[in-house]
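Asker: attaching a predicted model along with its sequence, questions to come.
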Amino acid sequence: MTLLKRDKVNFNILITDDDDDCRYGLNDIFEPEGYTTYLASCGREALEIAKHELLHLLIMDVHMPDFSGFETFEFIKEEKKIQIPCIFVTADTSKDLKLVAIEANAYTLLSKPINKEIIKYAVEQSLEKYY
């Protein structure tokens with residue numbers, strides 16, 4: 001599968017996950033592709049980064065110890081005063097959670113363990129749609 005040809009250097013991705021392996025694994029997918037990545041281990045860290053950085057996309061774990069991914073997404077949208085695409089990742093793929101993601105206006109919800117090709121495709125598609 002050929003992915004879209006875009007100038008990835010101009011896109012900043014915030015990766016938020018309390019699982020170190022998942023967070024750094026996602027970073028290892030996107031940083032070598034030319035994206036600028038910011039890493040946060042919890043919602044509070046994500047909010048601090050969002051206050052100071054221009055962000056084009058969020059990849060957010062749903063279940064975190066301080067704020068849920070959904071709460072963090074709402075806080076960041078309020079802080080930035082813009083629509084920003086968010087890809088949620090979770091091991092919980094229940095129907096109820098999928099409905100919450102739709103209501104939160106998420107770009108998509110992907111299940112863990114994360115498939116590298118699927119998340120790369122979702123990132124490129126979301127950036128194409130929003131930018």
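Answerer: Yep, it's here. In this text, all values refer to a predicted model and were calculated from it rather than measured experimentally.

Asker: tally of neighbours for residue 18?
Answerer: Counted with other Cβ atoms under 10 Å, the neighbours of residue 18 add up to 17. Quick note: C-beta positions are derived from backbone N, CA and C, even for glycine.

Asker: what helix or strand does the nearest residue to it once chain neighbours are set aside sit in?
Answerer: The spatially closest residue to residue 18, leaving aside those adjacent along the chain, is residue 64, at 4.8 Å (Cβ to Cβ, 6 or more residues apart in numbering). Assigned by DSSP states H and E, residue 64 belongs to neither a helix nor a strand.

Asker: I'd say residue 64 and residue 17 touch.
Answerer: Yes: between residue 64 and residue 17 there is a contact under Cβ atoms under 8 Å: 7.5 Å.

Asker: which residues does the residue nearest to residue 18 contact?
Answerer: Residue 64 sits next to 16-18, 42-43, 72 when contact means Cβ atoms under 8 Å, 6 or more residues apart in numbering.

Asker: tell me, what residue is most central in the protein?
Answerer: In the chain, the centroid-proximal residue (Cα atoms, centre = their mean) is residue 59; its distance is 1.0 Å.

Asker: secondary structure class for that residue?
Answerer: Following DSSP: H, G, I helix; E, B strand; the rest coil, the label given to residue 59 is strand.

Asker: residue 41 versus that one, what's the distance?
Answerer: Noted for residue 59: a distance of 13 Å to residue 41, by Cβ to Cβ, to the nearest Å.

Asker: which neighbours do the two have in common?
Answerer: 16-17.

Asker: report the inter-axis angle for the longest helix along the chain versus strand 57-61.
Answerer: The longest helix of the chain (DSSP state H) is helix 116-130. Angle between the axes of helix 116-130 and strand 57-61 is 140 degrees (criterion: axes from the mean of the first three to the mean of the last three Cα atoms, to 10 degrees).

Asker: which other residues reach helix 116-130?
Answerer: 1, 3-4, 6, 11, 13, 26, 29-30, 33, 35, 56-57, 59, 83-85, 87, 89, 107-108, 110.

Asker: check which residues of the lowest-mean-pLDDT helix or strand in the chain are buried.
Answerer: One helix or strand of the chain scores below all others by mean pLDDT, DSSP states H and E: helix 95-103, with a mean of 91. Buried residues in helix 95-103, counting neighbours by 16 or more other Cβ atoms under 10 Å, are found at 97-98, 100-101.
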